[in-house]
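*Asks:* 3D model of this:
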Amino acid sequence: MNTFRFGLQQSNWESLAQLRDFSTRAEDLGYSSICAADHFDDQWAPLISATAIAASTHSINVGTLVLANDYRHPVVLAKEIATLDRLSGGRVELGIGAGWMATDYESSGISYDRPGVRVDRLAESVTVLKGLFSDEPVTFSGEHYRLDAQRGTPQPVQRPHPKIHIGGGARRILELAGREADIIGINFDMRAGAISPDLGPNGTADATLEKLAWVRAGAGDRFDSLELSVTVFFAMVTDDRSAMATMMAGGFQLEPQTLLASPHVLLGTTDEMIDTLQARREQFGFTYIVVPGAQLDAFAPVVAALAGQ
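*Replies:* So this is what the prediction gives:
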């Protein structure tokens, strides 16, 4: 069983100075990674931000959670990721998904194809990326990408490639993740293209177990070598987790106890959070836990207690 490690998802910064202070504090507190999302709203550009984080730190991983595949051609992305891996000394985690936020596509004019097409395109992209991270020229002829003896330069530090983190919540993308990724991110099923209260039932413990079965089906014999990750979107320190769950449950269309059992929610005292995460490792196998950047300090005692355990 893998040991615990903890990441932060942070996509907005007030200044370079604030980015540096946040990043060095995260490193000092024992967090394993800082990763940025990838949307066209007020978030900063994820790969440029990751470069600045890498330049401000020494050991913490930098990455994306997750890039929308449709926003970058894989030849361009391979060069960007390999360059970042070289500049960071091999600290990159490449989080990538099929893309989901309809408003991003609509406002930018990027074609918002049906989910199956986007997953197919992601599958081709991952094949191209892995090829370009190797030492051999890549010739590829797919439905979405075509390469003719294209070499990937520079080459990344990590071999055979930086860790690939594929996240999602539907069957096809999680089976793909099981086949191709190093890190599996279990998320809500975002095929509707927007966040809404209807997503609540898709994040329950039972729904999560079904998603993990899809990962296992895709992974086959390699399942035990995978790192299973979950983003805890709602991580709040409180002395009364039941009252907090009761207050929040209606917004998720869930009963309070069902909400408390969701791996995307973590409420309670530090000790209760520690016990909950240990129980979830036994239940689901999650060892890579990502929390919002706003929880940097409040969640630090949990990191101190469990990181590496």
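
*Asks:* out of the helices and strands in the chain, which is least certain?
*Replies:* helix 241-252 (a mean of 92; mean pLDDT, DSSP states H and E).

*Asks:* which other helices and strands does the strand or helix carrying Ile34 contact?
*Replies:* Ile34 is part of strand 33-36 when elements are defined by DSSP states H and E. Contact partners of strand 33-36 among helices and strands, from 3 or more C-beta pairs under 8 Å, 6 or more residues apart in numbering; DSSP states H and E: strand 5-9, helix 16-28, helix 46-56, strand 61-64, strand 92-97. Just so you know, the C-beta spots here come from the backbone N, C-alpha and C atoms, and that holds for glycine as well.

*Asks:* now with 10 Å, please.
*Replies:* Judged by 3 or more C-beta pairs under 10 Å, 6 or more residues apart in numbering; DSSP states H and E, strand 33-36 is in contact with strand 5-9, helix 16-28, helix 46-56, strand 61-64, strand 92-97, strand 163-168, strand 286-292.

*Asks:* CA atoms of stretch 246-263 as CSV?
*Replies:* Taking C-alpha atoms only, stretch 246-263 is exported to CSV below (Å, rounded to 0.1, in the frame of the first residue of the first chain):
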residue,chain,number,x,y,z
THR,A,246,-26.2,19.1,8.2
MET,A,247,-25.7,22.7,7.0
MET,A,248,-24.0,21.6,3.8
ALA,A,249,-26.0,18.5,2.9
GLY,A,250,-28.9,20.2,1.2
GLY,A,251,-26.7,21.9,-1.3
PHE,A,252,-25.4,18.5,-2.4
GLN,A,253,-28.8,16.8,-2.4
LEU,A,254,-27.5,14.3,0.1
GLU,A,255,-28.2,13.2,3.6
PRO,A,256,-25.6,14.5,6.2
GLN,A,257,-24.1,11.1,6.9
THR,A,258,-23.9,10.3,3.1
LEU,A,259,-22.1,13.6,2.7
LEU,A,260,-19.6,12.8,5.5
ALA,A,261,-18.8,9.5,3.8
SER,A,262,-18.0,11.2,0.4
PRO,A,263,-14.2,11.2,-0.3
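
*Asks:* for Tyr105, the count of nearby residues, please.
*Replies:* 20 (other C-beta atoms under 10 Å).

*Asks:* sheet partners, orientation included, of the strand holding Ile34?
*Replies:* strand 5-9 (parallel), strand 61-64 (parallel) (DSSP bridges).

*Asks:* quick one: mean pLDDT for it?
*Replies:* In this model, strand 33-36 carries a mean pLDDT of 97.

*Asks:* Pro301 reaches Glu272, doesn't it?
*Replies:* No. Using C-beta atoms under 10 Å, Pro301 makes no contact with Glu272, being 11.7 Å away.

*Asks:* understood, closing this out.
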